[in-house]
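**Q** below are the sequence and a predicted model for it; my questions follow.
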Amino acid sequence: ERRKEFESNLQKAGLELETEDKKESEDGKIYFVKIHAPWEVLITYAEVLNIKVPIKENDIPSAVENPLDCLLAPLRLPEKVMHPEPDYFTAPFSKEKQELYLINDESTFFSPSMRNRIVNYILTRCPYGTEEGKKKFGIKRLLNNGTYSAAYPLHDCQYWKKANDPNCDNERYTLYMEWARFLRFYKEQPLDLIRKYYGEKIGIYFAWLGFYTEMLFLAAVVGLICFLYGLFTMDENMSSKEICDPAIGGEIIMCPLCDRECEYWRLNTTCESSEYSHLFDNVATLFFAIFMGIWVTLFLEFWKRRQARLKYEWDLVDFEEEQQQLQLRPEYEAKCTQKKKNPVTQEMEPYLPITSQAVRFCISGTTVLFWVSLIIASMIAVIVYRLAVYAAFASLMENTQSLQPISGLLTPQLATSVTASCLNFVIIMILNFLYERIAIWITDMEIPRTHMEYENRLTMKMFLFQFVNYYSSCFYVAFFKGKFVGYPGAYTYMFNRWRNEECDPAGCLIELTTQLTIVMAGKQIWGNIQEAVVPWICNWWGRRKARNNPENLYSRWEQDHDLQIFGALGLFYEYLEMVIQFGFITLFVASFPLAPLLALMNNILEIRVDSWKLTTQYRRPVAAKAHSIGVWQEILNGMAILSVVTNAFIVAFTSDMIPRLVYYYAYSENEDSPMSGYINNSLSVFQISDFPDRNKPKLNPENFVICRYRDYRYPPDHERRYLHTMQFWHILAAKLAFIIIMEHVVFIIKFFVAWMIPDVPADVKAKIKREKYLTQKILHEYELEKLKERLCQGDKRATEKEFIATEGRMELSRAM
């Protein structure tokens, strides 16, 4: 009954329907209702939706040719693919003024995405009856209550071959051949064609992803140079030379790394790891941290300019979020029984009482807090794992002869860090899978009023959770590990049982690099498997029976029905994935200069994977308008500011740069080689007889009297034994001073760069003004001509005053 009334109302709205009997379908069970929007419906709703259409070809000369264009020619796509339509000045459509617009062919005047939007607009507002005294409407409700099983726009042809109809544009085929294949990874994206086929919302996502990838190229090159600097200066690093020297590092006996079970060990056993830590812990690290602080500002500012250009080119300058985004959600109308008068429309509409909102927000906030606490608890569990297995790894590597050849490279610290990072990654993915469902549930429970409100609330919840989930382990290694260890005889314990971890003698930075690499690379590999392999397997399995049927028995609409659903939150997950990656390459980039290179390689693949799955594995999404990347812009701005702080702290507290600089300028006694003696200076002395029974190793076969540990404390024969030396306080003061100076310098440069770069390019401003002027001029001239015709025909209603007023408006327009 619902279907019958709904389809009857669609026909009353002017749509043409054709029903395919279930006998005609491949499985003999499904009816397909095909919808066609004739010209009269399109022009009616084009006016309602304020759709802009061409009135005149753009007469502003294109930008001066770039001399580098010939070098970039291999990266270009054919002009017909890049710009499927000429550049026009546009104006909102009006049925009464059709002769104003450049209508060459009614069947192609409105682009596929426009037709798609118009039909969807009608479907979402078409009523289908009254139930329980309430007027019911919209395809979404009919999908939710099972009246229909699916509703989707059709692709225009097969993606691997052109349509038989010579009049078909074959845009899907063109997108597949020129955009969605990995072999085209070096080519630019056909953004205008993407917008024409999929709509502005998907177009702006790929524009942003492409621009982000282009900007990553610069960061990747500078990061690679910094990494190569570390590689070529490895042999000149005095710290690792001293650690590896048998006469220095071989003679320094280090205190045990765990209680009772671990033995005393020689410093030169960490020779290889200290050499590798120089790759990331060198003076280039500081330069790269400052560079990335400026790069992120350039990226965000230049994106604003790119976005402004797209807004003009895609007729989004005067765009306000369309009514579909601002209309009440069907779920909101269904669950809100109380009504009040809307002060704008003066109509009664449902609303949620303040008390109900407060209760729902309390439940929602508590749930989010609980899940964030669960992440922190899981991170503590991983820390406990690190502390518990460290002793096992230490004793295993010391006592197992087969591990001796790799013991120099695979230290107990590194073995613990790698296994803990892998365990942490598995926990992250499990919690992520569970929380996605919880976040959607609690957002539904809040009953947001509009679709935009729903998306923004879900975005903030998901991002908060993902932020804590993905970055908490990196924050622990960067800012907490090795900072609260105590000293031999007075170690700090977690839960009074597990002794806190120490950093490697070469510093904690190499462990942060390991953690970052495993989590970042693991997430990217898993994400691409989820995005590409899973939909392909699902589609292959779903079409296994129908694949052998000829096309006349396996129709276009059935083929599309068997594809995966992109969903309303499809783009949300794509943005979330990229923003989390953006956090990895900005928040912790001082520890891993190769992170932008990893992100660049992933994004080159990501663009092609996303385009391939949209073009070949998913039903065609409903076209939607968007003039920006929305709330993600604010999230990126927030992360850009936080990244300056985190990188300053990483350079100051996680790397060894500041202690080395303090030693170089204030404590070095060798003028010829200022850094010689640094390792001995950075290790304090402990008298083994002072060990309490809880910490004392079971064995001391070589009868060592003293051992060394990483800290700046007075020796046992000093009157202030085991208290911090003056050098410790000098280094701490230098670290704090460095953080303040670096933050201020980077922030000043950031704000100056942001102030210098205008958000809208000058030529775009000129084009916007030119288009407004021309639109007004053409419309006024049209009105003037109409008035003249009416005067000539003796129409008394066309008064002289009206004529003068129209001419006055034209003069005003010219003056403006």
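**A** Sure thing, it's come through.

**Q** only C-alpha atoms from now on, for both contacts and neighbour counts.
**A** Noted.

**Q** now do the one helix or strand Arg305 maps to: distance to the chain's middle.
**A** In this assignment (DSSP states H and E), Arg305 forms part of helix 283-313. Taking Cα atoms, centre = their mean, to the nearest Å, one finds the center of helix 283-313 at 15 Å from the center of the full chain.

**Q** what is the neighbour count of the closest residue to Asn342 other than its chain neighbours?
**A** Computed as Cα to Cα, 6 or more residues apart in numbering, the closest residue to Asn342 that is not its neighbour in sequence is Met348, at 6.1 Å. Neighbour count of Met348, defined by other Cα atoms under 10 Å: 12.

**Q** cool, and the one 10 residues further on?
**A** With neighbours defined by other Cα under 10 Å, the count for Ala358 comes to 12.

**Q** which elements pack onto the helix holding Arg305?
**A** Under the contact definition 3 or more Cα pairs under 8 Å, 6 or more residues apart in numbering; DSSP states H and E, helix 283-313 sits against helix 200-232, helix 570-587, helix 631-649, helix 726-756, helix 762-792.

**Q** returning to what we had before: for the residue nearest to Asn342, give me its contacts.
**A** Lys339, Lys340, Lys341, Asn342 (Cα atoms under 8 Å, 6 or more residues apart in numbering).

**Q** now those residues: which count as buried?
**A** Among the contacts of Met348, not one is classed as buried by 16 or more other Cα atoms under 10 Å.

**Q** farthest pair in those residues?
**A** Of all pairs drawn from the contacts of Met348, the greatest distance, 9.3 Å, lies between Lys339 and Asn342 (Cα to Cα).

**Q** return every residue with contacts to both of the two.
**A** Common neighbours of Lys339 and Asn342, counting by Cα under 8 Å, 6+ apart, are Met348, Glu349.

**Q** thinking again about what came up before, distance-wise, check the residue nearest to Asn342 relative to Lys311.
**A** 35 Å (Cα to Cα, to the nearest Å).

**Q** where in the stretch 101-250 of the chain is pLDDT low?
**A** 132-134 (pLDDT under 70).

**Q** all strands of it, in order?
**A** 127-131, 134-137 (DSSP state E, counting those that start in this stretch).

**Q** which secondary structure elements does the longest one sit against?
**A** Spelled out, it's strand 127-131. For strand 127-131, the packing partners by 3+ Cα pairs under 8 Å, 6+ apart come out as helix 2-12, strand 134-137.

**Q** list the strands paired with it, with their directions.
**A** strand 134-137 (antiparallel) (DSSP bridges).

**Q** now do the strand it pairs with: distance to the chain's middle.
**A** Worked out by Cα atoms, centre = their mean, strand 134-137 lies 38 Å from the chain centre.

**Q** circling back to that earlier point, between the helices and strands packed on strand 127-131, which one is closest to Asp21.
**A** With respect to Asp21, and counting by Cα to Cα, the nearest of the helices and strands packed on strand 127-131 is helix 2-12 at 14.8 Å.

**Q** enumerate the positions of the closest one that are buried.
**A** Buried, per 16+ other Cα under 10 Å, within helix 2-12: Arg2, Phe6, Glu7, Ser8, Asn9, Leu10.

**Q** just give the nearest non-adjacent residue to the last one, would you?
**A** This means Leu10. Using Cα to Cα, 6+ apart, the nearest residue to Leu10 is Cys126, at 6.7 Å.

**Q** the stretch 51-200 of the chain: helices as residue ranges?
**A** 69-72, 79-82, 106-109, 112-125, 139-144, 171-178, 191-198, 200-232 (DSSP state H, counting those that start in this stretch).

**Q** winner for burial among the ones you listed?
**A** Highest mean neighbour count among the helices of the stretch 51-200 of the chain (mean count of other Cα atoms under 10 Å): helix 191-198, with a mean of 23.

**Q** can you give me the pLDDT of Val534?
**A** The model reports Val534 with a pLDDT of 84.

**Q** measure it to Trp541 for me?
**A** 11 Å.

**Q** want to try TSV for the helices and strands packed on helix 283-313, with distance to Ala420 as columns?
**A** Formatted as TSV, these follow (distance: least, Cα to Cα, whole Å):
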stretch	distance to Ala420
helix 200-232	25
helix 570-587	19
helix 631-649	22
helix 726-756	29
helix 762-792	52
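
**Q** ok, back up a step: nearest to Met292 among the buried residues of helix 2-12?
**A** Leu10 (55.0 Å).

**Q** quick one, what contacts the closest one?
**A** So Leu10 contacts Glu16, Ile122, Leu123, Cys126 (Cα under 8 Å, 6+ apart).

**Q** which strands and helices lie in contact with the lengthiest helix in the chain?
**A** Ranked by residue count under DSSP state H, the longest helix found in the chain is helix 354-399. Where contact means 3+ Cα pairs under 8 Å, 6+ apart, helix 354-399 is packed against helix 412-446, helix 451-479, strand 498-499.

**Q** thinking again about what came up before, among the helices and strands packed on helix 283-313, which is nearest Lys52?
**A** Here helix 762-792 is closest among those (Cα to Cα), at 11.2 Å.

**Q** average pLDDT across the closest one?
**A** For helix 762-792, mean pLDDT rounds to 81.

**Q** pull out the buried positions in that helix.
**A** Of the residues in helix 762-792, those buried (16+ other Cα under 10 Å) are 764, 767-768, 771, 773-781, 783-784, 787, 791.

**Q** my read: Arg115 touches Leu42, true?
**A** Yes - Arg115 is in contact with Leu42 according to Cα atoms under 8 Å; the separation is 7.1 Å.

**Q** take the contacts of Met348 and lay them out in a markdown table including distance to Ser373.
**A** Below are the contacts of Met348 laid out as a markdown table (distance: Cα to Cα, whole Å):
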| residue | distance to Ser373 |
| --- | --- |
| Lys339 | 38 |
| Lys340 | 39 |
| Lys341 | 42 |
| Asn342 | 40 |
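
**Q** can you add secondary structure, pLDDT and distance to Ile103 and give the residues you listed back as JSON lines?
**A** Output for these, formatted as JSON lines (DSSP: H, G, I helix; E, B strand; the rest coil; pLDDT from 0 to 100; distance: Cα to Cα, whole Å):
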{"residue": "Lys339", "secondary structure": "strand", "pLDDT": "76", "distance to Ile103": "45"}
{"residue": "Lys340", "secondary structure": "strand", "pLDDT": "77", "distance to Ile103": "45"}
{"residue": "Lys341", "secondary structure": "strand", "pLDDT": "74", "distance to Ile103": "43"}
{"residue": "Asn342", "secondary structure": "coil", "pLDDT": "70", "distance to Ile103": "40"}
